[in-house]
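In: give me coordinates for this.
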Amino acid sequence: MRFVPVSLVVVAMLSSCALVLPKETRYLRSAQGRSNQAEVAQVLGRPLMTTTSPEDDAVWVYQVREQEAGNRWTSTGLWCDEYVLTFDNRSILRRWTHKSEFHGGELMPTYCVPGGMTMPIATKPKTEFQR
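Out: You can find the predicted model right below:
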């Protein structure tokens, strides 16, 4: 009988982890291998950036930034979460990654996470009159 209370504590601890997971993470766990690009866009919105992988799979990048107010023990800063989603040639979500970084004292960091995706340098779009 001693194992019953311990197992209840373990179950309670594991279930509480689901409460602190970001909503994007909870959704992507359920969507992987099932949802297509349109369904993902309906839930997460338009991606910040899109590109293709060397395997010619579609790659979408989302960044979620959340300001954290400081207090006596911590400084004001910004949490930045980056999600990189990869879709196969049938537009099904196959894999995704999540990185998170706290920018203490910064409210407008130039990057989201170290080693994360970066925006390409904007180029002037060609018009039909340019040759």
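
In: average pLDDT for stretch 85-101, rounded please.
Out: Average pLDDT, stretch 85-101: 96.

In: so what's the nearest residue to residue 65 once chain neighbours are set aside up against?
Out: Of all residues not flanking residue 65 in the chain, residue 80 sits nearest, at 5.1 Å (Cβ to Cβ, 6 or more residues apart in numbering). To be clear about C-beta, it is placed using only N, CA and C from the backbone, and glycine gets the same treatment. Counting by Cβ atoms under 8 Å, 6 or more residues apart in numbering, residue 80 touches 63, 64, 65, 66, 100, 101, 102, 103, 109, 112, 113.

In: part of a strand, is residue 80?
Out: Yes. Assessed by DSSP: H, G, I helix; E, B strand; the rest coil, residue 80 belongs to a strand.

In: against residue 52, how distant is it?
Out: With distances taken as Cβ to Cβ, to the nearest Å, residue 80 is found 24 Å from residue 52.

In: distance check, residue 82 against residue 34.
Out: Here the criterion is Cβ to Cβ. By it, residue 82 lies 23 Å from residue 34.

In: just residue 54 next, same as before
Out: Going from residue 54 to residue 34 by Cβ to Cβ gives 25 Å.

In: next: residue 25.
Out: According to Cβ to Cβ, residue 25 and residue 34 sit 16 Å apart.

In: which of those two has more residues huddled nearby?
Out: When residue 25 and residue 34 are compared for neighbours, residue 25 comes out ahead with 16 against 9, by other Cβ atoms under 10 Å.
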